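>>> Based on what follows, work out the 3D shape:
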Amino acid sequence: MHFSYWEVRGTLEANDVVVVGSGIVGLTAATAWKRAMPRASVLVVDSDAFSGGGTTRNAGFACFGSPSELAADREVLGDARALELVRMRVEGLKMLRNRFGDEALGYVGCGSHELLGVEGGSGDGWTAARLDELNGWVAPVTGSGRTFERRAPRDVARRLGLDADRVGGVIAIPGEGALETDRLAAALEGEARAAGVKIVRGIRVAGLEPGAAGVRWHAHRSGTPTSEGTTCTAGTVLVANNAFAGQLLGDSGLQVPDVAPVANRVLVTHPLPGWTTEGTFHAESGYLYARAIGNRLLVGGGRHWVPDGRDHDARLLEWAGRVWPGVRSATPAYAWHGTLGIGAAREPILTTWAPGIHVAVRLGGMGVAIGTALGESLVHHALAQG
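Next up, the predicted model:
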């Protein structure tokens, strides 16, 4: 279906700024630009009805990294860069909460736990000395010498509903929390619209062409042939579509960033009468995660598993059943894929990609924590370029 004259003239054409991606980064950036430049016309477009990536499809973890995740980051990035990444997450979560308030986000400071040895073993790799060293390393960012605290499974089994015989160890992370993903998305969109940002979903951007007169961008209704699209011009384009940036920039003939879409499976079970737990849970270096939503279990991940012929959803529920006896008969009521933006490292990419085209992508599965700060930084960066 072709665009009408009114759709092109009134919405798609003659914008000062076009933001590609209506997730946390994109909506934050659009709002920040309007606040810095109130007279600017700012349009956010997204190919999906909601956001398509992770903003409406994540688990709602307000986290900065479990011990095993941070150990992996230190190996890849080195101590200084890894610590800066933790700082970005901690400060980003504070910014998000200060921006909207805990009630609007459904945020609770419930703490989290890393589960050790669920797949076998005692989980003794995290000795007291190793955990003390990690606490000392992260203390300048978290402000606590006890960011991570070891717990004996039997000491917390009743409160957390764990099968203490199946879990080798537990590390508590009191400073983490959880929020309601739908409330976060609603808060971001409400703020953007109140600032005067235009938001149109169902629009696929098929190419970008930088030039002296601005950036030409090719718009199509999602699911329609490219012949039915239109070409518009904007002064600035902000690319904030995370995992999908590589395809957009590559199709535009520009260098492809080190970010790729990785599907991540998430389930929410039917209600489990009488079952409950506290906080959120990470396991296997963050590749598996879970939380309670009322008396339902949310469980997700498993992208590190080698295919073995078993159904992936069944494997997720089987893993959860080893942790919590109360969910061993659980069946999924909801099942979906979220899309992560993953690259060689979990540091975000923030740069000018071509004249008038600025990019903030590769959130590494930490979009809730760093998305708001990254969106603000994208605007500061773009405005500084002139």
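>>> Check the model's average confidence along the longest helix along the chain for me.
Ranked by residue count under DSSP state H, the longest helix found in the chain is helix 79-100. On average, the pLDDT along helix 79-100 is 97.
>>> buried stuff in it?
Within helix 79-100, the residues that count as buried by 16 or more other Cβ atoms under 10 Å are 82-83, 85-86, 88-93, 95-97, 99-100. For the C-beta atoms, the positions are set from N, CA and C on the backbone; glycine is no exception.
>>> For R193, state which of these is nearest.
Minimum distance to R193 across the buried residues of helix 79-100 is 14.3 Å, recorded for F100 (Cβ to Cβ).
>>> can you tell me which residues contact the closest one?
Residues in contact with F100, defined by Cβ atoms under 8 Å, 6 or more residues apart in numbering, are 184, 187, 191.
>>> quick one: which of those residues is most hemmed in?
Highest neighbour count within these: L184, with 25 neighbours (other Cβ atoms under 10 Å).
>>> mind checking how far that residue is from M88?
18 Å (Cβ to Cβ, to the nearest Å).
>>> and what of P332?
Distance from P332 to M88, by Cβ to Cβ: 34 Å.
>>> One more: T56?
As judged by Cβ to Cβ, T56 and M88 stand 22 Å apart.
>>> go on, F50?
For F50, the distance to M88 - Cβ to Cβ - is 26 Å.
>>> What sits closest to G364 if chain neighbours are left out?
Distances taken as Cβ to Cβ, 6 or more residues apart in numbering put R346 closest to G364, at 3.3 Å, once the chain neighbours are dropped.
>>> is it true that the one you found lies in a helix?
No - read with DSSP: H, G, I helix; E, B strand; the rest coil, R346 is coil and lies in no helix.
>>> and it, how many residues sit next to it?
The tally of other residues near R346 (other Cβ under 10 Å) stands at 23.
>>> from what I can see it touches L85, true?
Yes - using Cβ atoms under 8 Å, R346 makes contact with L85 at a distance of 6.6 Å.
>>> Common neighbours of those two, please.
By Cβ under 8 Å, 6+ apart, the residues touching both R346 and L85 are 73, 77.
>>> For the contacts of F100, give me TSV that also has distance to A314.
Output for the contacts of F100, formatted as TSV (distance: Cβ to Cβ, whole Å):
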residue	distance to A314
L184	30
A187	35
E191	40
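>>> Could you point out which of those residues is nearest to S222?
For those, the minimum distance to S222 (Cβ to Cβ) is 23.4 Å, reached by L184.
>>> Please parse this structure into its domains.
Structurally, the chain divides into domains by automatic domain parsing as follows: 5-57+183-258+344-385, 108-177+261-342.
>>> Is H113 within a helix or a strand, and which one?
Assigned by DSSP states H and E, H113 belongs to strand 112-116.
>>> quick one: that strand to chain centroid distance?
How far strand 112-116 lies from its chain's middle: 20 Å, per Cα atoms, centre = their mean, to the nearest Å.
>>> which other helices and strands contact that strand?
Other helices and strands packing on strand 112-116, by 3 or more Cβ pairs under 8 Å, 6 or more residues apart in numbering; DSSP states H and E, are strand 169-173, strand 280-283.
>>> what comes into contact with stretch 156-166?
Taking Cβ under 8 Å, 6+ apart as the rule, stretch 156-166 contacts 113, 118, 153-154, 170, 172, 275-279, 322-326.
>>> how far away is the nearest residue to G294 once chain neighbours are set aside from A335?
Residue nearest to G294 in three dimensions, not counting chain neighbours: P271, with 7.3 Å by Cβ to Cβ, 6+ apart. Applying Cβ to Cβ, the value for P271 to A335 is 16 Å.
>>> Repeat that for H380.
Between H380 and A335 the distance is 39 Å, computed by Cβ to Cβ.
>>> Could you do F64 as well?
F64 sits 28 Å away from A335, going by Cβ to Cβ.
>>> So between those two, which is more surrounded?
The neighbour count for F64 versus A335, taken as other Cβ under 10 Å, is higher for F64 (27 against 14).
>>> contacting residues for the residue lying closest to that one once chain neighbours are set aside?
Closest residue to F64 apart from its sequence neighbours, by Cβ to Cβ, 6+ apart: R89 at 3.9 Å. The contact partners of R89, taken as Cβ under 8 Å, 6+ apart, are 63-65, 366, 369-370.
>>> Just put the residues you listed in JSON lines and tack on distance to V138, pLDDT and secondary structure.
Output for the contacts of R89, formatted as JSON lines (distance: Cβ to Cβ, whole Å; pLDDT from 0 to 100; DSSP: H, G, I helix; E, B strand; the rest coil):
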{"residue": "C63", "distance to V138": "13", "pLDDT": "97", "secondary structure": "coil"}
{"residue": "F64", "distance to V138": "9", "pLDDT": "97", "secondary structure": "coil"}
{"residue": "G65", "distance to V138": "9", "pLDDT": "96", "secondary structure": "coil"}
{"residue": "M366", "distance to V138": "15", "pLDDT": "95", "secondary structure": "coil"}
{"residue": "A369", "distance to V138": "14", "pLDDT": "97", "secondary structure": "helix"}
{"residue": "I370", "distance to V138": "16", "pLDDT": "97", "secondary structure": "helix"}
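>>> ok, those residues vs V17, which is closest?
I370 (21.5 Å).
>>> ok, the closest one - contacts?
88-89, 92, 348, 363.
>>> Would you map the strands across the stretch 151-300 of the chain?
Taking DSSP state E, counting those that start in this stretch to define them, one finds strands in the stretch 151-300 of the chain at 169-173, 177-178, 198-201, 203-211, 214-221, 230-239, 260-269, 280-283, 288-293, 296-301.
>>> in the third one, what counts as buried?
Applying a neighbour-count criterion of 16+ other Cβ under 10 Å, one finds 198-199 buried in strand 198-201.
>>> Just the mean pLDDT for it, thanks.
Here the average pLDDT along strand 198-201 is 97.
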